[in-house]
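1. sequence and predicted model, in that order:
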Amino acid sequence: MTEASLTGANASTEVPLKRRLRRAERTRQVKALALVLPLLVFLLFTFAGPIAGMLWRAVDDREVRQVLPQTVAALASWDGKDLPDEETFAALASDILAARTSGTIAIAAKRLNYALNGFRTILTSTARNLKAAPERGTAKETLGKINPAWRERATWTTIRDASGPVTGFYLLAALDLVRNVDGAIVAAPPDQAIYRSLFTRTFIISLSVTALCLILGFPVAYLLATLPPGRSNLLMIFVLLPFWTSLLVRTCAWIVLLQSKGVVNDSLHWLGIIDEPLRLIYNRFGVCVAMTHVLLPFMILPLYSSMKAISPAYMRAAASLGAPPVTAFLRIYLPQTLPGIGAGSLLVFILALGYYITPALVGGAADQMISYFIALYTTETANWGLASALGAVLLLATLLLALVYGKLVQGQQVTGGMKN
Amino acid sequence: MEAGMVTPAPALVRFSGIQKTYDGEHLVVKNLDLDIRKGEFITLLGPSGSGKTTTLMMLAGFEVPTHGEIYLAGRPIKNMPPHKRDIGMVFQNYALFPHLTIAENIAFPLSVRKTNKADVQERVGSALRMIKMENLAHRRPGQLSGGQQQRVALARALVFNPQLVLMDEPLGALDKRLREQMQLEIKQLHETMGITVVYVTHDQSEALTMSDRIAVFNDGIVQQIDKPDALYEHPVNSFVAHFIGENNVLAGTVETVDKDYCRVALAGGGTVTARAVNVSGAGASTSLSVRPERIAIVPEGTSSDGPNRLPAKVQNTIYLGDHALAVLDVSGNAEFMVKLQPGAHDSLTHGANVSVTFRPEDCLALDPV
């Protein structure tokens, strides 16, 4: 009887118990959410918002649509095989006259000039020479007389391709691709194809800096993890020192050190090792040295934390089992530092990808990285679309890397795991 | 002291005049001379800081003696790196490589010796069978219990047939029941494989259970090396008597010494006859040591044989299942323990006045504490 009533009680309380648990959990979750809410809001406005805005700008294409609305509407039905019909020419003439009045012609001219060099001249000369709306049926002839470019199909496909509201133009340009007259995606002409090599250069510089950081940082991290606490704290201060100095100051310090009349060259000359000053700065060497210096702590700290977790007993065990020091290091120590190596390398690599100030100050023209061009397009030429597209491609590449790394680390944790 | 050994086997390990200091001021090991015979199970027993672990680490090659020489199979090994010593070691926290599977862990000492693959597989297989863990070969150490990890550590230290196996408090992290089971397993492995084991522990019952000989360490000095029963029955000084097993201490002064025995006047009153083990002569102060199970309680007023009878007052009785303890106040020692048959404690009332008797041969006159 007692047994029966016990199971009965269990069955009847099971659902309410679950609900109670959920309610209790919910309170906890709400509290946790309240704690992270300020940061979440902050990030939303300062991080997620701008990034979304940037991604949108990479495909946003409404300038031509706003300035030449009738032309865009008329071109929607154009088959693209021959020149557009008379009505489209008339629409363009009317649009140009309206834009001249409102002074917006330059906006469309700038956008169209990105796609077809010289379009600015075509549009502005047409706007200047078009006195009044052409007689009915003569628009084609009038415009063609003002500028023969209107008799070419490419001029019109350019307008059509730029008619928005969204475009792949900037993203394609960021990958050295264009649409040709027939709308097919082809490689950009060699004189405009600079971005792929730019991305390659950015990745090569970042990889070199990451490798340098790993080579220089690994022994330091090992020393940090194995020294007695007093001395390792002192060493840690030296490692962290770069964090407490401004990036600009550190970079300028390298200029002082490495320039042709700088400390390094003077010392080498004084020692009689060199006769001519070495070229140490405004080239790839200077960029790598300065960036490695700045990024080294980001490599050392993850390495240090992964090494700190490796008990010295493992190396002793390996030695007692007959492994010479090098074997023990390669087979026992190194594999256990892999998560730290991965985390440090990823951190340094991703930070290096976005470097701007340091290459700009200590690099030559051939050492500028993608960020330099993003800055150039946003601040100098106001080509927001291309700047955003370059940023989007960079962001995508970085995310992919992070994803791959995440998969690797996750795979390791599932099978790894250590207790002692 | 080592009367039990009929034909002493040649020493596999010889510590000769070993000294070790870390700071240049205090000797952690003071002048150690110790022979370890082939095939024996020797335990280095002592409290923490007594130098036993340092001794083991010097033998393994992780510490270098400040003075003296260590010989392994006749060869000096003071400056030989650990990986060339061919000594297997089991660590306190197992030190299984977390990124390798159980099978890979056990195969490690074989693969660094460039053993061929088929041979490795066979020996790892038989090692796994020995510890009954064939089905866990592809797990990682983190997925095993403490006892299983310890078995793997054992198998790993034995698989390459080292000439010597060192164990540094290997059972310290296990619970009592598992520890006792593992003690028997290790003992059995030692007997079936005929290996030489140097075992370090601070647990005297562990040492008594497993060892052929025990070296009792204190203050960097080996106090006594002997078989477990000899250590228990014939401790050479108060430290050993106190460290091995339960022990009652009575302070006193030697009155007369007559060959092996002496008369001792107790500080708390009364005189007893004791075996003169470690006394300098008449007039010297001494500590008497009597084991709790060698004492009888007799009611007041009854007569008893023998010269040693002291008045006592019952303080407390403790029931422990297989036996009982009476805590008495004897000659100023208020924690004088007497081991009784279970049930015998019922007749003792708290505060009752009784007498304790013990034979002179069970009462050892040792150095004063």
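-> Right, received. Where do you want to start?
2. in chain A, which spans are strands?
-> Here chain A has its strands, by DSSP state E, at A:177-179, A:185-187.
3. which one of these lies nearest to residue A:210?
-> Smallest distance to residue A:210 across the strands of chain A (Cβ to Cβ): 28.5 Å, for strand A:177-179. In this view, the C-beta of every residue, glycine as well, is placed from N, C-alpha and C.
4. how does the chain divide into domains?
-> Went with chain A since none was named. With automatic domain parsing as the criterion, the domains of chain A are listed as A:63-167, A:195-415.
5. to clarify, I was referring to chain B.
-> Taking automatic domain parsing as the criterion, chain B consists of the domains B:11-238, B:246-366.
6. go through those and find the least confident stretch.
-> The weakest mean pLDDT among these belongs to domain B:246-366, with a mean of 89.
7. how long is it from one end to the other?
-> With Cα to Cα, to the nearest Å as the measure, the first residue of domain B:246-366 is 15 Å from its last.
8. which single residue of chain B ends up nearest chain A?
-> residue B:98 (3.3 Å; Cβ to the nearest Cβ).
9. what is the burial count for residue A:76?
-> 10 (other Cβ atoms under 10 Å in any protein chain shown).
10. distance-wise, check the residue nearest to it when sequence neighbours are not counted relative to residue A:63.
-> In this structure, residue A:76 finds its nearest non-sequential neighbour in residue A:163, 7.7 Å apart by Cβ to Cβ, 6 or more residues apart in numbering or on different chains. Distance of residue A:163 to residue A:63, computed by Cβ to Cβ, to the nearest Å: 10 Å.
11. and for residue B:329?
-> Distance from residue B:329 to residue A:63, by Cβ to Cβ: 105 Å.
12. quick check: residues of chain B near chain A?
-> Contacts of chain B with chain A, taken as Cβ under 8 Å from any Cβ of the partner chain, map to B:60-62, B:81-83, B:85-89, B:91-99, B:108-109, B:112-113, B:140-143, B:149, B:156-157, B:160, B:166.
13. now, which of those residues lie within helices?
-> Of the residues of chain B next to chain A, the ones assigned to helices by DSSP state H are B:60, B:108, B:109, B:149, B:156, B:157.
14. could I get those as a markdown table with neighbour count?
-> As requested, these are arranged in a markdown table below (neighbours: other Cβ atoms under 10 Å in any protein chain shown):
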| residue | neighbour count |
| --- | --- |
| B:60 | 21 |
| B:108 | 27 |
| B:109 | 27 |
| B:149 | 23 |
| B:156 | 29 |
| B:157 | 25 |
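15. for residue B:174, state which of these is nearest.
-> The nearest member of these to residue B:174, counting by Cβ to Cβ, is residue B:149 at 9.6 Å.
16. what is the burial count for the residue nearest to the closest one when sequence neighbours are not counted?
-> Nearest residue to residue B:149, sequence neighbours excluded (Cβ to Cβ, 6+ apart): residue B:94, at 4.6 Å. For residue B:94, the neighbour count with other Cβ under 10 Å is 24.
17. before we move on, what about residue A:233?
-> Residue A:233 has 11 neighbours, counted by other Cβ under 10 Å.
18. that one and chain B, how far apart?
-> Distance, residue A:233 to chain B, by Cβ to the nearest Cβ, to the nearest Å: 21 Å.
19. also residue A:268?
-> According to Cβ to the nearest Cβ, residue A:268 stands 41 Å off from chain B.
20. ok, that residue - how many residues close by?
-> Residues contacting residue A:268 under the criterion other Cβ under 10 Å number 15.
21. what's it in contact with, if anything?
-> A:274, A:278 (Cβ atoms under 8 Å, 6 or more residues apart in numbering or on different chains).
22. mind running it again at 6 Å?
-> residue A:274 (Cβ atoms under 6 Å, 6 or more residues apart in numbering or on different chains).
23. now could you export just the CA positions of stretch A:285-297 as PDB?
-> The C-alpha trace of stretch A:285-297 is given here as PDB (Å, rounded to 0.1, in the frame of the first residue of the first chain):
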ATOM      1  CA  PHE A 285      61.600  43.800 -42.500                       C
ATOM      2  CA  GLY A 286      60.600  46.900 -40.500                       C
ATOM      3  CA  VAL A 287      56.900  46.000 -40.700                       C
ATOM      4  CA  CYS A 288      57.500  42.500 -39.400                       C
ATOM      5  CA  VAL A 289      59.800  43.700 -36.600                       C
ATOM      6  CA  ALA A 290      57.500  46.400 -35.300                       C
ATOM      7  CA  MET A 291      54.300  44.200 -35.600                       C
ATOM      8  CA  THR A 292      56.000  41.200 -33.900                       C
ATOM      9  CA  HIS A 293      57.000  43.500 -31.000                       C
ATOM     10  CA  VAL A 294      53.500  44.800 -30.600                       C
ATOM     11  CA  LEU A 295      51.800  41.400 -30.900                       C
ATOM     12  CA  LEU A 296      54.200  39.200 -28.900                       C
ATOM     13  CA  PRO A 297      52.300  39.400 -25.600                       C
END
